[in-house]
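*Asks:* Next come a sequence and a model predicted from it.
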Amino acid sequence: MRVEGCYGCGGCVAVCPTGAVEMQDGADIDLEKCSGCMLCVRVCPTALPSPIVGGRRG
Amino acid sequence: MADYDVVVVGAGPAGSMAARYAAEAGLSVLLLDKSLEIGTPKRCGEGLGIRAFRELSIPADPRFINREIYGFAVYAPDGTPVKARFSEVMGYIIERKMFDKHLAAEAARAGAHVEAGAYARLKLESGRPAGVKVRRHDGREAEVRCKVVVAADGVESQIARQAGLDTRLKPSDLDSCFEYEMAGISIEDPDLIHMYMGNKIAPRGYIWVFPKDEDRANVGIGIGGHLEEQAKLLLDKFIQSRPELRRGSILEVNVGCVPVGGFLKQLVKDNLLVVGDAARQVNPLHGGGVYEAMTAGKLAGQAIAKALHEGDLRLLREYESMWWSTHGKRLERILKVRRFAEKLSDDEMNYLARVWRGDDLVELSRGNYRVAAGKIVAHPKLLALVRKLL
Ligand SMILES: Cc1cc2nc3c(=O)[nH]c(=O)nc-3n(C[C@H](O)[C@H](O)[C@H](O)COP(=O)(O)OP(=O)(O)OC[C@H]3O[C@@H](n4cnc5c(N)ncnc54)[C@H](O)[C@@H]3O)c2cc1C
Ligand code: SF4
Ligand code: SF4
């Protein structure tokens, strides 16, 4: 799942414990690998969007 | 058969320096970066101390220098400044996009082949790095074989992870940053960099105003990556509270994360070396990483040259031992200062701003805390803090 509005800063890639985020030109979350731990949302410097927008937030 | 002696992934300051020093020694080098334009987008306050230019023989070329900086002002939460102003240039606010491009061009001049718009993944053979798989901007894919891989892919640090090194970070190991390049603002003293401290305005971090011109600056914030607060909202709030910034224009929006929680212990695995942000080689006090990335890149490039010329890959480890015995040692001391600073309450910061002078902060940023700590001991109120420091 592509993260809409991502600035490509790489924070979520660095913290994702399962290696679910890949980033060539914007974060892309592999929902098969994602555990829903939300660490990526916590680290993201922007108020919105968060990496989980449209995904499995909550 | 290897296509190249060395493949460097990431053409930031770390990767370009590693590529340049390896190529200067006569090795064949491929330097890849996934971004379509090296140096862009900028994720940086663009402050760079003079030693990076002196020690690494980088010319102060007007093509990538915006402004000379003569010192700094650090503001306690109650506004009390600690200032240091020197008669000599202490550093520059660079134009990072041009600077990074210059370093990559220097690598090319030394003989490296540079390619932007090329995303790399590590290629393993029997568990050992054998090269990279490249996906180019036009969709073409290719495999490149090499003898040595340099992981210089910045904070994401996926190449080292693909080699089996655990480069994962906790959110608290990162500073989560947001920055605007602003024009049409007023800056009280544009010859200094300005830093605003406080647990309310920038929890576990600070707000910076780095002047690129008399009325133009990078205005940014870094806060603990584990915190509920969002960097962008806190920065917007700060700007709204400052009449000199409130009406400014926004020329750029910059977003980034800085690894400030300590350094990767193992810097070499088999024939793979990790440099720069990818190895978390950042000054943990202020988050400056360009100088650290450049020096580490140079050490890595030199170690690769020696190892391949002597035909003994075990010599790659010299990069790791050299880094730890020099820069690593210094940065470990600075990390201690950071751990102390992280614990300060706003009241304690206000107090310290009255006790410490600019010189003390200079020494602290180099990891020398004896004099500054000595001044704390003289003040009974701060004895509790000294215990924290020890
Ligand atoms: C907001 C902010 C402000 C900062 N301010 C300052 C400052 O004022 N002064 C200072 O000294 N430092 C500052 N820093 C830190 C500094 O920017 C970094 O420490 C520095 O850029 C590290 O250099 P590097 O070469 O290790 O990594 P980077 O400069 O991040 O370069 C890594 C490169 O690798 C590329 N890459 C990543 N993955 C791949 C892949 N799979 N394939 C191909 N290419 C890839 C990326 O596109 C990137 O170009 C700041 C950081 C931030 C976030
Ligand atoms: S929520 Fe999913 S993508 Fe985000 S850090 Fe956790 S595992 Fe990774
Ligand atoms: S942390 Fe946020 S802005 Fe940064 S790469 Fe991830 S989703 Fe994009």
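*Replies:* All right, it came through fine. Nothing here was measured: the structure is a model prediction, and the numbers come from that model. Ligands and ions are numbered 1, 2, ... in the order given.

*Asks:* Could you pull out the helices in chain A for me?
*Replies:* A:11-15, A:39-43 (DSSP state H).

*Asks:* Deepest-packed of the ones you listed, please.
*Replies:* When those are scored by mean count of other Cβ atoms under 10 Å in any protein chain shown, the highest mean neighbour count falls to helix A:11-15 (a mean of 29). Placement of C-beta: from N, CA and C, glycine included.

*Asks:* could you say what helices and strands that helix packs with?
*Replies:* strand A:21-23, helix A:39-43, strand B:174-183, strand B:249-259 (3 or more Cβ pairs under 8 Å, 6 or more residues apart in numbering or on different chains; DSSP states H and E).

*Asks:* So that helix, near ligand 3 or not?
*Replies:* Yes - using Cβ under 6 Å from any ligand atom, helix A:11-15 reaches ligand 3 at A:11-12.

*Asks:* Is that helix positioned near ligand 1?
*Replies:* No - Helix A:11-15 lies out of reach of ligand 1 by Cβ under 6 Å from any ligand atom, never closer than 8.6 Å.

*Asks:* what separates that helix from the chain centre, distance-wise?
*Replies:* Centroid separation for helix A:11-15 versus its chain: 8 Å, with Cα atoms, centre = their mean, to the nearest Å.

*Asks:* how many other residues sit next to the residue nearest to residue B:65 when sequence neighbours are not counted?
*Replies:* Take residue B:65 and drop its neighbours on the chain: the residue closest to it by Cβ to Cβ, 6 or more residues apart in numbering or on different chains is residue B:92, 5.0 Å away. Residues lying near residue B:92 (other Cβ atoms under 10 Å in any protein chain shown) number 22.

*Asks:* same question, residue B:250
*Replies:* 12.

*Asks:* residues touching residue 33, list them.
*Replies:* You didn't say which chain, so I picked chain A. Residues in contact with residue A:33 (Cβ atoms under 8 Å, 6 or more residues apart in numbering or on different chains) are A:18-20.

*Asks:* try again with chain B
*Replies:* Going by Cβ under 8 Å, 6+ apart, residue B:33 touches B:10-12, B:15, B:104, B:114-118.

*Asks:* Test my guess that residue A:7 contacts residue A:23.
*Replies:* No - at 10.8 Å, residue A:7 does not count as touching residue A:23 under the criterion of Cβ atoms under 8 Å.

*Asks:* Output the lowest mean pLDDT helix or strand found in the chain.
*Replies:* Just going to use chain A. Every helix and strand in chain A was compared by mean pLDDT, DSSP states H and E; the lowest is helix A:39-43, with a mean of 89.

*Asks:* The intended chain is chain B.
*Replies:* Ranking every helix and strand in chain B by mean pLDDT, DSSP H and E puts helix B:383-389 at the bottom, with a mean of 66.

*Asks:* Average pLDDT for stretch B:315-322, rounded please.
*Replies:* In this model, stretch B:315-322 has a mean pLDDT of 98.

*Asks:* Residues of the stretch 251-390 of chain B that sit close to ligand 3?
*Replies:* So the stretch 251-390 of chain B meets ligand 3 at residue B:255 (Cβ under 6 Å from any ligand atom).

*Asks:* quick one: the helices in the stretch 251-390 of chain B?
*Replies:* With DSSP state H, counting those that start in this stretch applied, the stretch 251-390 of chain B shows helices at B:290-309, B:317-323, B:329-342, B:346-355, B:358-365, B:370-377, B:383-389, listed in chain order.

*Asks:* now check the second one, is it near ligand 1?
*Replies:* The one in question is helix B:317-323. No - with Cβ under 6 Å from any ligand atom as the criterion, ligand 1 is not reached by helix B:317-323; the gap is at least 13.1 Å.

*Asks:* packing partners for that helix?
*Replies:* strand B:268-269, helix B:290-309.

*Asks:* mind checking which of those is nearest residue B:226?
*Replies:* Across the helices and strands packed on helix B:317-323, residue B:226 has its closest neighbour in helix B:290-309 (22.9 Å, Cβ to Cβ).

*Asks:* if I look at the residue of the stretch 251-390 of chain B at minimum distance from ligand 2, how far off is ligand 1?
*Replies:* With Cβ to the nearest ligand atom as the measure, residue B:257 is the residue of the stretch 251-390 of chain B nearest to ligand 2, at 13.0 Å. Here the criterion is Cβ to the nearest ligand atom, to the nearest Å. By it, residue B:257 lies 6 Å from ligand 1.

*Asks:* again with residue B:33
*Replies:* 5 Å.

*Asks:* ok, now which ones touch the residue of chain A found nearest ligand 1?
*Replies:* Taking Cβ to the nearest ligand atom, ligand 1 has its nearest neighbour within chain A at residue A:9, 6.8 Å off. Residue A:9 sits next to A:44-45, B:43, B:155, B:177, B:255-257 when contact means Cβ under 8 Å, 6+ apart.

*Asks:* Please enumerate the strands of chain A.
*Replies:* For chain A, applying DSSP state E gives strands covering A:21-23, A:27-29.

*Asks:* quick one: strands adjacent to the first one?
*Replies:* When pairs are called by DSSP bridges, strand A:21-23 turns out to pair with strand A:27-29 (antiparallel).

*Asks:* ok, which stretches of the stretch 151-300 of chain B are strands?
*Replies:* B:174-183, B:192-197, B:206-213, B:216-224, B:249-259, B:268-269, B:272-274 (DSSP state E, counting those that start in this stretch).

*Asks:* most tightly surrounded among those?
*Replies:* Compared across these, strand B:272-274 shows the largest average neighbour count, a mean of 28 (mean count of other Cβ under 10 Å).

*Asks:* pLDDT weak spots in the chain?
*Replies:* Using chain A here. For chain A, applying pLDDT under 70 flags the ranges A:47-58.

*Asks:* sorry, should have said chain B
*Replies:* B:378-383, B:385-390.

*Asks:* Would you reformat the strands of the stretch 151-300 of chain B as CSV and include distance to residue B:333?
*Replies:* Below are the strands of the stretch 151-300 of chain B laid out as CSV (distance: least, Cβ to Cβ, whole Å):
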stretch, distance to residue B:333
strand B:174-183, 19
strand B:192-197, 20
strand B:206-213, 20
strand B:216-224, 21
strand B:249-259, 18
strand B:268-269, 23
strand B:272-274, 22
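
*Asks:* Using a markdown table, please lay out those strands together with distance to chain A.
*Replies:* As requested, the strands of the stretch 151-300 of chain B are exported to a markdown table (distance: least, Cβ to the nearest Cβ, whole Å):
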| stretch | distance to chain A |
| --- | --- |
| strand B:174-183 | 4 |
| strand B:192-197 | 17 |
| strand B:206-213 | 13 |
| strand B:216-224 | 8 |
| strand B:249-259 | 3 |
| strand B:268-269 | 17 |
| strand B:272-274 | 13 |
